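J.: got a predicted structure plus its sequence, pasted below:
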Amino acid sequence: MAQLTMVEALRDGLRVAMADDPRVLCLGLDIGTLGGVFRVTRGLQAEFGADRVVDTPLAEASIIGAAIGLALAGLRPVAELQFLGFSHQGFHQLGAQLGRFRTRSRGRFAVPVVVRAPFGGGIRSPEFHSDALEAQIVQMPGIKVVMPATPADAKGLLLTAIRDPDPVLFCEPDRLYRLGREEVPPGPHLVPFGVARLARAGDDLTLVAWSAAVELCLRAADRLAGEGIGAAVLDLRTLVPLDVEAILREARRTSRVVVVHEAPLTGGFGAEIAATIQEEAFHALDGPVRRVAAWDVPYPPGRLEDHYLPSLERVVRAARAAVRD
Amino acid sequence: MAQLTMVEALRDGLRVAMADDPRVLCLGLDIGTLGGVFRVTRGLQAEFGADRVVDTPLAEASIIGAAIGLALAGLRPVAELQFLGFSHQGFHQLGAQLGRFRTRSRGRFAVPVVVRAPFGGGIRSPEFHSDALEAQIVQMPGIKVVMPATPADAKGLLLTAIRDPDPVLFCEPDRLYRLGREEVPPGPHLVPFGVARLARAGDDLTLVAWSAAVELCLRAADRLAGEGIGAAVLDLRTLVPLDVEAILREARRTSRVVVVHEAPLTGGFGAEIAATIQEEAFHALDGPVRRVAAWDVPYPPGRLEDHYLPSLERVVRAARAAVRD
Amino acid sequence: MTAAVRRRSQLLPSGRLRPGAAVSLPVDEVRAALELMLLSRRFDARAIAMQRLGRWGVHSPAEGQEAAVVGSCLALDPGRDWVVPQYRELAAYLHQGHGLERVVAAQMGHPQEGRIADEVRLLPVQVALAAQLPQAVGLAWGLRRQGQDAVVLTYLGDGASSEGDFHEACNLAGVVRAPVVFLLQNNGWAISTPRRLQSAATTLASRGPGYGFPGVVVDGNDLLAVHAVTAEAVGRARAGDGPTLIEAQTYRLGFHNTTDDPTAYTDPAELAAARALDPILRVRRYLTAHGAWDEEREAAACRAIDDRLDRAIARAERLPAPGPAACFDDVYAEPPPRVLAQRAHALAEAEV
Amino acid sequence: MTAAVRRRSQLLPSGRLRPGAAVSLPVDEVRAALELMLLSRRFDARAIAMQRLGRWGVHSPAEGQEAAVVGSCLALDPGRDWVVPQYRELAAYLHQGHGLERVVAAQMGHPQEGRIADEVRLLPVQVALAAQLPQAVGLAWGLRRQGQDAVVLTYLGDGASSEGDFHEACNLAGVVRAPVVFLLQNNGWAISTPRRLQSAATTLASRGPGYGFPGVVVDGNDLLAVHAVTAEAVGRARAGDGPTLIEAQTYRLGFHNTTDDPTAYTDPAELAAARALDPILRVRRYLTAHGAWDEEREAAACRAIDDRLDRAIARAERLPAPGPAACFDDVYAEPPPRVLAQRAHALAEAEV
Ligand SMILES: Cc1ncc(C[n+]2csc(CCOP(=O)(O)OP(=O)(O)O)c2C)c(N)n1
Ligand SMILES: Cc1ncc(C[n+]2csc(CCOP(=O)(O)OP(=O)(O)O)c2C)c(N)n1
Ligand SMILES: [Mg+2]
Ligand SMILES: [Mg+2]
């Protein structure tokens, strides 16, 4: 098995999907000759042709809207938004259209569209490039929301997304794109949706996270281990479908949960995790589910992001407090 | 004092603001001669002129974007979106632009824009017209989110919004527009942001709600009273700023909370209420904070909405269950 | 690229042809077209009456726009071409093969009945203005990529033409040379907003060149000219020559929809003038002059239409009311466990 | 309305004037313009060098586009007119009165330094493409409503012109006859996407008539023509005659920004041809021919510029690094209690 970065794993996944199924086509900004601003699609246009790896005009709503139409024509479009922050330019095509096409057509039309979008902080990106919008998208029923945190999962979840008969928003943590390598199974490696991954075992508390925050939690767990605190890390992998069972299992097992995410605290998806746990496992808890998140202010300029994002320090402190409950 | 419907109260509020401050101007679809599809602005164009009550082309992003520019020019624009569901067409002008203009300009530019938008179910509206998007908008730091539930609050919060130096999304529950009348103070009646209203007293549990769900909760409280259960109803009035103190006070006082809202359950703003309460008042609770919300599916066609929205029955049952905790 | 300024016309209000008009529809097809126009008109009347009785949902009539809709859709081959509608084009849905009884039942409270049959090349009506346009472009592009020689005809209003989606769709269509025809029904109004406040452009068709394809203005109350212009555009698209923007200039004779009251904002004189240009009148005159129509035929056609409507309404009335499960149907191919649990919960509650 | 097809030009690559050119800038102003162009060019070089050392944020150079930016902004009166930028128009910010040292400090990690001073009529750079355009229209419309005779000049790229916001902004501007000038810098690229894939339109300026105002194409490497065309548009806007869309056809000589590698997608021959049309070259030739420029003057100008840059960089280096409070500053006039609590929390943590 090859040791791949997340970028390489995603590229491998796209290559497998395109080789396997002639209906798969990619579209988006700068994905052709350039291979996308993060080079995920590098080489794919040369390999599969300019009509399967299509550079589109600069217009997000039409990228999503056209992907809907391509899917209706029987294709399997994988659209790339240059950054998730710019999904707002096409939000009306996402929630009300893509997410509801099956419902709106009373089941006549499926729209198997995957929308890929890098996001997240930590790489000093310009304005709007780091915004973590997952909580907004979870409020768009009909769309599955996928949040890989490792190279192997990125590939496996992407292939599952492309085969899924329904629309998927596939969010890629740009900070992790090249952060490390891991063994990634070759060929049609599939990771199912809705099955959380225990990224690290630990008995004193559970850190719940997705996307780049998983990596942060793993570092926090290392630090906590040094203090004799055993922190499990649960990687949700997909927010829709949500592995409620795994979350509750962990809550019942360790009785102490800290959720960590990059979006602003108030109304972030961490609220849903906390609400669900206390609703379903109230008496199993030793103390409240704690949340470590970004502050309730706009994503700041790159030089300030370390003051804004959940830090290792803050996760560790929340974990210590949880253990004291 | 006059007995006004919510539509009349809003119109009165707009009239007071426009008479009082020549910088106030209204813009939006069909708000001039027609007075808006719900007639909130009826008569205002005749009274204040077509350059202060402006019918715009059909394009939501430019309505919000132009309102930003008008505010930069020193005006106080009150933009109307025909329905909140169509805010998605202009989401990029809302969250990333309107909400961040002060921050983006490092304090040079304030953008005192009010965006009014009817929303909510129960009146058999066409597709997209009923969508409750408040949880998405709460994840847009920089924007205040206002959710009146009564005629007097509608007027008082609207006048506060127009005077606020920062942008406000003002969501109007169309089901309540003409549902009842109440005394509405004349002239410059102001209701402060961030101060929840105890809409009904009760000692056994607290129903927390905003907008049209407050009316539902009041009906539920009536029913519960018949069963000997005293349900308080807390009307949040504004989600940003959030009256966390009042929420915690109620949680501590009755030890049992049910949150009710029209948006889908998962990731709805009810999750934030539940997460906050368990975080801050964990030991005061007798049982979990319960949520009654719409299902995690797209808003259905009008004829199905009674099966979709939180019903009186469901609120009452959740309340009974809470009291048994 | 100067096509945008000349307004195409063939059938004059008098029912006579403009000298030199190259008519693209034989008389018997014009007769069928008139029957479809009458069906549309009578459907509207019935829907409005039913809505007033609380037996029908919100309805947007096509009154006054029948030539624009019928003339354009008749240029399609429903066996390969697609219609991507806005919401005021009943005749085009029927032309594509969508069942009248389905439309009626959906509007009478049975949304699941509105499902378009598998062989019918039609997308659902679009309430979010202009959102259908990038989808139509993607569909056209995709069909061509799949080797089909299909053309997509998509409808929009003068109001919808102000949305960003219109621009993005047209621009993409030009770049990929999608076989798509944009049929812009400029009916003078977007609810209460007159065309004059919608755009300062002299014609909306003048936007075509800005996307690299022709824009054409046509008298939208002229069945024959609309058909000719659309047939040309469909021909171009099918030949691989890319999109066309057609502005059919017509007039909304009725209200925006059944919740609207146009007396608040329309000028009765303008409306009266528009009524004189009713597209049905001139087709009737044309066919009468050709000996292909008379009062008897009209009466028979109307009876047949009314019968169809009666039967469709009676059928819809016999359908059982949809239950809570209908909220959950067709959302996902494989719903998330949480949604399944909610469905079970909703069904259990409904039984209590 | 046929202005869109003729490409306006005055100053030929040779540095000679096209016969009959009506030059709108006296020679001493052209000299000042050249100095501003050189400042822009040298700023870019310095920013790139600094970025490579990790001492500067992402930078988008204006290399090759100096005539388009300088020629247009010089048509404004900074005492009453506004600039609404995209992100590649440093010279225009400076012309409006924004401090070079502020730009430098902001890019060197002191965002709060980027604040535009109260008297400077300039909006912050816009990263979300085309989002500035409806704002510029609202600003222009609002200023006129407030009785000012101000004009707003807003910049956008060929890529940005594909966004829905472009359409909505232009259409609204036409309807309200906003005193706004849209200066579209068609530099041939949107990152790696060539103009050809951006739109099938022959010219992007051809979109003007679709909004009811003129579209003008100008040689964007021609300082004098850009100035003349913009001055006309500003004059029309000021006179109440509404907006103009100017397409300045230029070429991006550098990379998209410091994260980009154009060798992956550009043709060296095309780039070499474009380099020969460098807008600075021809202004230099023109001024030299007029006896208003020579090597000595050039050297002195460059020294002065480099001194300014050195001082600005040195100043920025002395500034204290911003702390967590900067995340919370200027979000709300009166922050919600929860935000205040978070701020306190963040500050306390930073002290630990
Ligand atoms: C994106 C969006 N914004 C607003 C509305 C509300 N609305 C429904 S119909 C309509 C007018 C549409 O005018 P036009 O496109 O000319 O079509 P017509 O109704 O005249 O056929 C408006 C504003 C909507 N449905 N979608
Ligand atoms: C709405 C939006 N989508 C995507 C991007 C990412 N992006 C940044 S610059 C750029 C290209 C812009 O091209 P153009 O408008 O021609 O301006 P230029 O960079 O050539 O000056 C893109 C795609 C963005 N900033 N905003
Ligand atoms: Mg219309
Ligand atoms: Mg460009």
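T.: Received it, and whenever you're ready, just let me know what you need. Ligands and ions are numbered 1, 2, ... in the order given.
J.: so where do the helices sit in chain A?
T.: Remark: helices assigned in chain A by DSSP state H are A:6-20, A:44-48, A:60-72, A:91-94, A:101-104, A:134-138, A:151-163, A:212-226, A:244-254, A:269-280, A:305-308, A:312-324.
J.: near chain B, which residues of the stretch 101-250 of chain A are found?
T.: A:103-104, A:127-128, A:131, A:133, A:135-136, A:138-139, A:141-142, A:240, A:242 (C-beta under 8 Å from any C-beta of the partner chain). C-beta coordinates here come from the backbone N, C-alpha and C atoms, glycine included.
J.: quick one: contacts of stretch C:103-110?
T.: Contact with stretch C:103-110 is made by B:303, C:47, C:50, C:55-57, C:59, C:90, C:93-94, C:113-114, C:309, C:312-313, C:315-317, C:319, C:321-322, as judged by C-beta atoms under 8 Å, 6 or more residues apart in numbering or on different chains.
J.: same thing but 7 Å
T.: Residues outside stretch C:103-110 that contact it (C-beta atoms under 7 Å, 6 or more residues apart in numbering or on different chains) are B:303, C:47, C:55-57, C:59, C:90, C:93, C:113-114, C:312-313, C:315-316, C:319, C:321-322.
J.: put the buried members of the residues you listed into a ChimeraX selection.
T.: Buried members of the contacts of stretch C:103-110, defined by 16 or more other C-beta atoms under 10 Å in any protein chain shown, are picked up in ChimeraX with:
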select /B:303 /C:47,56,57,59,90,93,113,114,312,313,315,316,322
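J.: what's the closest non-adjacent residue to the residue in chain C that chain D sits nearest to?
T.: The minimum distance from chain C to chain D, using C-beta to the nearest C-beta, falls at C:G164 (1.8 Å). Closest residue to C:G164 apart from its sequence neighbours, by C-beta to C-beta, 6 or more residues apart in numbering or on different chains: D:G164 at 1.8 Å.
J.: state the pLDDT value of the one you found.
T.: Predicted confidence (pLDDT) at D:G164: the value is 98.
J.: equivalent analysis for A:M1, please.
T.: Value listed for A:M1 in the pLDDT field: 79.
J.: and C:A3, by the same measure?
T.: 39.
J.: spell out which parts of the stretch 201-350 of chain C neighbour chain A.
T.: With C-beta under 7 Å from any C-beta of the partner chain as the criterion, the stretch 201-350 of chain C meets chain A at residues C:D329, C:D330, C:V331, C:Y332, C:A333, C:P336, C:P337, C:R338.
J.: now those: which count as buried?
T.: Neighbour-count burial (16+ other C-beta under 10 Å) is assigned, among those, to C:D329, C:D330, C:V331, C:Y332, C:P336, C:R338.
J.: circling back to that earlier point, including pLDDT, could the residues of the stretch 101-250 of chain A next to chain B go into TSV?
T.: Output for those, formatted as TSV (pLDDT from 0 to 100):
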residue	pLDDT
A:T103	97
A:R104	97
A:E127	95
A:F128	96
A:D131	97
A:L133	98
A:A135	98
A:Q136	98
A:V138	98
A:Q139	98
A:P141	98
A:G142	98
A:V240	98
A:L242	98
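J.: among the residues you listed, which ones lie close to chain C?
T.: Okay, of those touching chain C (C-beta under 7 Å from any C-beta), that's A:T103, A:R104, A:P141, A:G142, A:V240, A:L242.
J.: correct me, but the first one touches B:P301?
T.: Spelled out, it's A:T103. No: using C-beta atoms under 7 Å, A:T103 is not in contact with B:P301, being 9.6 Å away.
J.: count of residues packed around the nearest residue to A:L207 once chain neighbours are set aside?
T.: Nearest residue to A:L207 in three dimensions, chain neighbours excluded: A:C217, at 4.1 Å (C-beta to C-beta, 6+ apart). If you count neighbours by other C-beta atoms under 10 Å in any protein chain shown, A:C217 ends up with 32.
J.: kindly report the same for C:R318.
T.: Residues near C:R318, counting by other C-beta under 10 Å, number 7.
J.: try the one 5 residues further on
T.: As a burial measure, the neighbour count of C:G323 was computed by other C-beta under 10 Å and equals 13.
J.: looking at it now. What's its pLDDT?
T.: Looking at C:G323, its pLDDT is 95.
J.: ok, now which ones touch the nearest residue to A:R200 once chain neighbours are set aside?
T.: Leaving out its chain neighbours, the residue that sits closest to A:R200 by C-beta to C-beta, 6+ apart is A:V233, at 4.2 Å. For A:V233, the contact set (C-beta under 7 Å, 6+ apart) comprises A:A199, A:R200, A:L207, A:A209, A:V214, A:C217, A:L218, A:A221.
J.: now do A:V233 against D:L34, distance only.
T.: 60 Å (C-beta to C-beta, to the nearest Å).
J.: outline the domain layout of the chain.
T.: Because you didn't say which chain, this covers chain A. Domain assignment for chain A by automatic domain parsing gives A:2-184, A:197-324.
J.: that's the other chain; I wanted chain C
T.: Using automatic domain parsing, chain C is parsed into the domains C:5-321, C:324-352.
J.: for ligand 3, find the nearest of those.
T.: For the domains of chain C, the distance to ligand 3 is smallest for domain C:5-321, at 3.6 Å, taking C-beta to the ion.
J.: can you tell if the closest one touches ligand 2?
T.: No: contact of domain C:5-321 with ligand 2 (C-beta under 6 Å from any ligand atom) is absent, the minimum separation being 11.3 Å.
J.: quick one: that domain near ligand 1?
T.: Yes: using C-beta under 6 Å from any ligand atom, we find that domain C:5-321 touches ligand 1 at C:88, C:127-129, C:157-160, C:187, C:189-191, C:252, C:256.
J.: dump those to a markdown table, plus neighbour count, distance to A:A17 and secondary structure.
T.: Output for these, formatted as a markdown table (neighbours: other C-beta atoms under 10 Å in any protein chain shown; distance: C-beta to C-beta, whole Å; DSSP: H, G, I helix; E, B strand; the rest coil):
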| residue | neighbour count | distance to A:A17 | secondary structure |
| --- | --- | --- | --- |
| C:R88 | 26 | 40 | coil |
| C:V127 | 21 | 34 | coil |
| C:A128 | 23 | 30 | coil |
| C:L129 | 26 | 34 | coil |
| C:G157 | 23 | 39 | strand |
| C:D158 | 25 | 42 | coil |
| C:G159 | 25 | 40 | coil |
| C:A160 | 24 | 35 | helix |
| C:N187 | 26 | 45 | coil |
| C:W189 | 22 | 47 | strand |
| C:A190 | 25 | 43 | strand |
| C:I191 | 21 | 45 | coil |
| C:R252 | 26 | 47 | coil |
| C:H256 | 24 | 46 | coil |
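J.: as a markdown table, these with pLDDT would be great.
T.: Listed next are these as a markdown table, based on pLDDT from 0 to 100:
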| residue | pLDDT |
| --- | --- |
| C:R88 | 97 |
| C:V127 | 98 |
| C:A128 | 98 |
| C:L129 | 98 |
| C:G157 | 98 |
| C:D158 | 98 |
| C:G159 | 98 |
| C:A160 | 98 |
| C:N187 | 98 |
| C:W189 | 98 |
| C:A190 | 98 |
| C:I191 | 98 |
| C:R252 | 98 |
| C:H256 | 97 |
